[in-house]
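In: What would the 3D arrangement of this be:
(2 chains)
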Amino acid sequence: MQIRGFWNHRCAIARKTAATTEPFAVRFLLIGIAMVFIGLFLLAPLAAVLVQAFGDGVGVYWRSLRDSDTLAAIRLTLLTAAIAVPLNLVFGIAASWAIAKFEFLGKSLLITLIDLPFAVSPVISGMIYVLLFGLHGYLGPWLSAHNIEIIFAVPGIVLATVFVTFPFVARELIPLMQAQGTEEEEAALSLGAGGWQTFLRVTLPNIKWGVLYGVILCNARAMGEFGAVSVISGHIRGLTNTMPLHVEILYNEYNFVGAFAVASLLTVVALITLVLKSFAEWKFKQELRVS
Amino acid sequence: MSIEVQHISKHFGTFAALKDVSLNVATGELVALLGPSGSGKTTLLRIISGLEAPDQGSGQILLHDEDVTSRHVGTRRVGFVFQHYALFRHMTVFKNIAFGLQVRPRKLRPARHQIREKVHELLKLVQLDWLADRYPAQLSGGQRQRIALARALAIEPKVLLLDEPFGALDAKTRQELRRWLRRLHSELHVTSVLVTHDQEEALEVADRVVITNAGRIEQIGTPEEVFHHPANEFVMNFVGHVNVFHGRVEGDRAFLGPLEVEYSGQRHATTKPARGLIRPYDIDIETQANGKPGFKATVRHINAAGPQVKIDLTTDSGEPVHVELPHERFQALGLVVGKTVFVNPREINVFVDDERR
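Out: Predicted coordinates for the structure are as follows:
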């Protein structure tokens, strides 16, 4: 009896897997379509960027990258990311800590506001800054009276980037910290650890992959942001041009090698991001699973 | 006195979790807080530890005659053991146990080799010294809880507080750990408070049991006292199984369901609603009426697997009755399902409505 029951069970499983597997031809077709699609829309443009960049030889490629305006654009992009990412890292950890571990008035409002930059078009967020800080904006006259430049200057670009990349870290950490609860922190406190020690030794190690994952996404967006920055920068060569804006300018001047050379740098950033992201994602899932 | 709780109240919003609770625990004692969920037992434990604060100005907590009401949890030197272990998941067992020593300010921190000795001493105490390099995820539930206990003991706590420590374990492990904790406690003599909703656990492990209900303490006593001399209906109902018969008291007679018995408690001028509570093993079954107070009932179900035979019956009016008989008695009676018998309670606790709060 028992043996027969066992075999019935086995057969049922075998039939079930068979039922959810398509015939070979259908599988071949589906996988084929996916592959062609990826090739056409992802790999071909990637190759085109590199072909165009190296179209006139490696020498021209290097020379166009060492152009002083290009170097300024690279420096500005790195500076913007170097300010925006740490700021949003601190904000993201603080906000998700508050949301996951405490009850307070206005908590749901805070959660909604964190998502705001995802809901608003980047161009609109750029416009809002112009409206606020521009010469004819609300704070413009006061700012110009005190010689503070925000619009068409580096501070404006940083502000717009911070706004657009605001949700990335917090969004990753809130569900993770909610799943982990507060028991480990309570245990640390009861063992005599201070608040800061508890954060550094218990909370932070538990969320480190989630943090890294958020930082990678935040950084990719900070370096690649176009819309909001485009509205606010004023496109001043060598001063307020980030890499994406510089690519556009060079392209509009028919300097294809220059444009694609800068684009190839952004592509490399994207590829590194993808690899790091997959790794962090894998670790992050383990973190979520054990919690 | 190791722990003195004096007039503590606690509200969560409008919900009163504790209502003016006082409790003393003597040095070296193991006390169990026993009650249904939501009765305030965990809240009381967390207030003793400092993880939760009592209502402003509601009373005091004294540990070893020192008022700690306004002291932070970290400075109270309490060992706290959580239901879900709360081990640091990214640290090895060794680092978990050493944590309490390593976070001390440099002046008070023991030297590295002293910490190592201490950790291995504790690992031997909980009989898990081969697990020092494992991570919590690699341990069984019972092992994790023993490590959590070792970690709590590492700071040489003045009192040990255990919040449903065996609640997440399977029945067999729970029983083993319960006995082990009892042995450990008689070795260490550290004053301990254990929260549980499992009455069997409380009665088996504790020196004294505190029965909590709806934010108040119903009774404090030894396991024998709360079991054999329950202070009120709630305690009798909560500790051990009972049959409940609803009825009334008139003068010196009590009419409880199918039963009419003498009532020797406080006299009441008028008829009062009352309930009679009878333990399943305080009931005898006869095949013939014998003149003792009792009633007729029909056997519905027999479970002979266990130290006692459990018999479910129903009275003529359909009320269920649970009886536990020794196997010899059961065999002598020759009971079968469907047979009509006579049920004679040996001991009835009658609780009249007035006597309850």
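
In: who does the longest helix that chain B contains touch, helix- and strand-wise?
Out: Using DSSP state H to define each element, chain B has its longest helix at helix B:171-188. With contacts defined as 3 or more C-beta pairs under 8 Å, 6 or more residues apart in numbering or on different chains; DSSP states H and E, the packing partners of helix B:171-188 are helix B:141-153, helix B:199-205. To be clear about C-beta, it is placed using only N, CA and C from the backbone, and glycine gets the same treatment.

In: quick one, what contacts A:Thr80?
Out: Neighbouring residues of A:Thr80 by C-beta atoms under 8 Å, 6 or more residues apart in numbering or on different chains: A:154, A:157-158, A:161, A:222-223, A:229, A:242.

In: Please point out which parts of the longest helix of chain B sit buried.
Out: Residues of helix B:171-188 classed as buried: B:173-174, B:177-178, B:181, B:184-185 (neighbour count, 16 or more other C-beta atoms under 10 Å in any protein chain shown).

In: now do stretch B:156-166
Out: By neighbour count with 16+ other C-beta under 10 Å, stretch B:156-166 contains the buried residues B:157-166.

In: Report the separation between the residue lying closest to B:His120 once chain neighbours are set aside and B:Ile97.
Out: Nearest non-adjacent residue to B:His120, counting by C-beta to C-beta, 6 or more residues apart in numbering or on different chains: B:Asp129, 6.2 Å away. Distance from B:Asp129 to B:Ile97, counting by C-beta to C-beta, to the nearest Å: 11 Å.

In: shared neighbours, those two?
Out: With C-beta under 8 Å, 6+ apart, B:Asp129 and B:Ile97 have common neighbours B:Leu123.

In: just to revisit the earlier point, report the inter-axis angle for the longest helix of chain B versus helix B:141-153.
Out: 20 degrees (axes from the mean of the first three to the mean of the last three C-alpha atoms, to 10 degrees).

In: Run through the residues that contact B:Leu188.
Out: B:Leu153.

In: neighbours around the residue of the stretch 251-357 of chain B found nearest chain A, how many?
Out: For the stretch 251-357 of chain B, the residue closest to chain A is B:Ala305, as judged by C-beta to the nearest C-beta, at 22.7 Å. The number of residues packed around B:Ala305, counting by other C-beta atoms under 10 Å in any protein chain shown, is 6.

In: Helix, strand, or coil at it?
Out: When classified by DSSP: H, G, I helix; E, B strand; the rest coil, B:Ala305 comes out as coil.

In: any low-confidence regions in the chain?
Out: With no chain named, the answer covers chain A. Chain A contains residues with pLDDT under 70 at A:1-18, A:288, A:290-291.

In: Can you look at chain B instead?
Out: In chain B (pLDDT under 70), the answer is B:354-357.

In: Show me what from it comes close to chain A.
Out: Neighbours of chain A within chain B, by C-beta under 8 Å from any C-beta of the partner chain: B:49-51, B:72-75, B:77-80, B:82, B:84, B:86-90, B:99-100, B:103-104, B:137, B:148, B:151-152, B:154-155.

In: and with 7 Å instead?
Out: Residues of chain B lying near chain A by C-beta under 7 Å from any C-beta of the partner chain: B:49, B:51, B:73-74, B:78, B:80, B:82, B:84, B:86, B:88-90, B:99-100, B:103-104, B:137, B:155.

In: Please identify the most buried of the helices and strands packed on helix B:171-188.
Out: Highest mean neighbour count among the helices and strands packed on helix B:171-188 (mean count of other C-beta atoms under 10 Å in any protein chain shown): helix B:141-153, with a mean of 24.

In: Summarise which helices and strands that helix is packed against.
Out: Contacts defined by 3 or more C-beta pairs under 7 Å, 6 or more residues apart in numbering or on different chains; DSSP states H and E place helix B:141-153 against strand B:78-81, helix B:93-102, helix B:112-125, helix B:171-188.

In: Show the subsequent helix or strand relative to it.
Out: Next helix or strand after helix B:141-153 toward the C-terminus (DSSP states H and E): strand B:159-163.

In: Which residues of the stretch 101-250 of chain A lie near chain B?
Out: A:183-184, A:186-187, A:189-194, A:197, A:202, A:205-206.

In: now, which of the residues you listed lie within helices?
Out: A:183-184, A:186-187, A:189-190, A:197, A:205-206.

In: Mind picking the one among these that's closest to B:Thr298?
Out: Set against B:Thr298, the nearest of those by C-beta to C-beta is A:Glu183 (51.2 Å).

In: Pull the contacting residues for that closest one.
Out: Contact analysis of A:Glu183 by C-beta atoms under 7 Å, 6 or more residues apart in numbering or on different chains lists B:82, B:84, B:86.

In: make it 10 Å
Out: Residues near A:Glu183 by C-beta atoms under 10 Å, 6 or more residues apart in numbering or on different chains: B:82-87, B:163.

In: thought A:Phe91 was touching A:Val169?
Out: Yes - using C-beta atoms under 10 Å, A:Phe91 is in contact with A:Val169, at 7.4 Å.

In: who's more crowded, the two?
Out: A:Val169 (29 against 16).

In: Quick check: phi and psi at that one.
Out: Backbone torsions of A:Val169, given as degrees, to the nearest 10, read phi -70, psi -50.

In: tell me the two of the contacts of A:Glu183 that are most distant?
Out: B:Leu87 and B:Asp163 (14.4 Å).

In: Is A:Ile150 in a helix, a strand, or coil?
Out: coil.

In: Now it, what are its backbone angles?
Out: Per degrees, to the nearest 10, the backbone of A:Ile150 is at phi -120, psi -50.

In: now the helices for the stretch 151-291 of chain A?
Out: All helices of the stretch 151-291 of chain A, identified by DSSP state H, counting those that start in this stretch, fall at A:154-165, A:167-180, A:183-190, A:195-198, A:204-224, A:227-233, A:243-252, A:256-290.

In: Could you pull out the buried residues of the longest one?
Out: Judged by neighbour count (16+ other C-beta under 10 Å), helix A:256-290 contains these buried residues: A:256-267, A:269, A:273, A:276-277, A:280, A:284, A:287.
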